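1. 3D model of this:
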Amino acid sequence: MGDRKKILLVGESWHVHTTESKGFDVFSYDYYEEATGYIKAALEGVGMEFVHIPSHMVEYSFPKTAAELAQYDVVMFSDVGANTMNLPMDVFMRLHPTTNKLEILREYVEQGGAFVMIGGYLSFQGIQARGAYKNTPVEELLPVELLPGDDRVEKSQGVRPEVCQPQHPAVQGLPGEWPVLLGYNKLIPKEEAEVPVTVNGDPLVVLGEYGKGRTCAFATDCAPHWAPVEFCTWQGYAPLWKNLVDWLTK
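-> Got it, this is the predicted structure:
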């Protein structure tokens with residue numbers, strides 16, 4: 001690949017179905033949203049190419065082989081559950097076996113690729129454990145173990161991250177005090193993992209290696225609500241993501 005790093009982000013999208021009742025009359029409407037704006041701007045702002053696959057397009061657009069996935073320097077999953085990866089309509093409705101996307105991801109990292117899971121309600125285990133990544137190839141390749149159930153830690157009062165390894169390349173050059181977060185996924189670092197940043201005594205940024213590749217667990221969101229606007233517009237937001245990509249791609 002060339003000098004310009006190519007990033008694939010999967011997830012960070014949703015459809016909303018709303019029903020309104022106004023006296024006798026009831027009506028419904030639907031709309032679609034994405035929350036990629038902040039991280040897209042951060043990565044493109046430091047010269048990287050950003051490609052997005054929304055959750056509902058995973059079945060059609062996610063690469064079919066590790067070789068196809070290798071066109072990307074880093075793959076990121078954010079707020080997209082394991083069921084979206086494992087239950088395409090060919091399997092769920094038409095009962096046709098298909099290639100396992102999480103095994104493709106594992107092969108990609110084994111061969112030298114880089115992977116980040118970004119926190120959220122459908123990341124890691126998430127709300128009511130619906131992220132459902134426990135005991136999957138993703139847990140195997142990540143530098144963390146996942147809780148068996150709901151792993152959210154909601155901090156409505158706000159909680160400030162703490163840099164515990166200030167010389168680590170992932171945090172070099174960042175401002176000293178980080179903005180507060182409103183929540184995160186509780187993760188358990190594996191023995192060989194590096195944890196340069198914590199929050200509330202739990203790991204926030206966890207880094208590790210798998211096969212020839214590198215991986216990162218980023219325990220909070222890349223957009224509101226867990227990552228408030230103040231975090232996403234913080235002067236350290238873009239440098240943090242650049243540092244992480246640089247570390248992941250050696």
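
2. How about Y32: which residues does it bridge to?
-> Judged by DSSP bridges, the bridge partners of Y32 are H15.

3. so who does it touch?
-> 13-16 (C-beta atoms under 8 Å, 6 or more residues apart in numbering). In short, each C-beta sits where N, CA and C put it, glycine included.

4. please redo it, this time with the cut-off set to 10 Å
-> By C-beta atoms under 10 Å, 6 or more residues apart in numbering, Y32 lies in contact with 13-16, 54, 56.

5. go on, L122?
-> L122 makes contacts with 11-12, 14, 55, 77-84, 130-133, as judged by C-beta under 10 Å, 6+ apart.

6. Setting the sequence-adjacent residues aside, check what's closest to it.
-> Spatial nearest neighbour of L122, chain neighbours left out: G81 (4.2 Å); criterion: C-beta to C-beta, 6 or more residues apart in numbering.

7. ok, how many other residues are close to that neighbour?
-> 24 (other C-beta atoms under 10 Å).

8. Pull out the buried positions in whichever strand or helix holds I39.
-> Taking DSSP states H and E as the criterion, I39 maps to helix 37-45. Of all the residues in helix 37-45, those buried under the rule 16 or more other C-beta atoms under 10 Å are 38-40, 42-43.

9. mind checking pLDDT for Q71?
-> pLDDT, Q71: 98.

10. next one: C164
-> 95.

11. Strands along the chain, start to end?
-> Taking DSSP state E as the test, the strands found in the chain are 6-11, 13-22, 25-34, 49-53, 74-78, 114-118, 144-146, 152-159, 161-163, 181-185, 187-189, 194-199, 202-210, 213-218.

12. tell me the angle the second one makes with strand 25-34.
-> It refers to strand 13-22. 160 degrees (axes from the mean of the first three to the mean of the last three C-alpha atoms, to 10 degrees).
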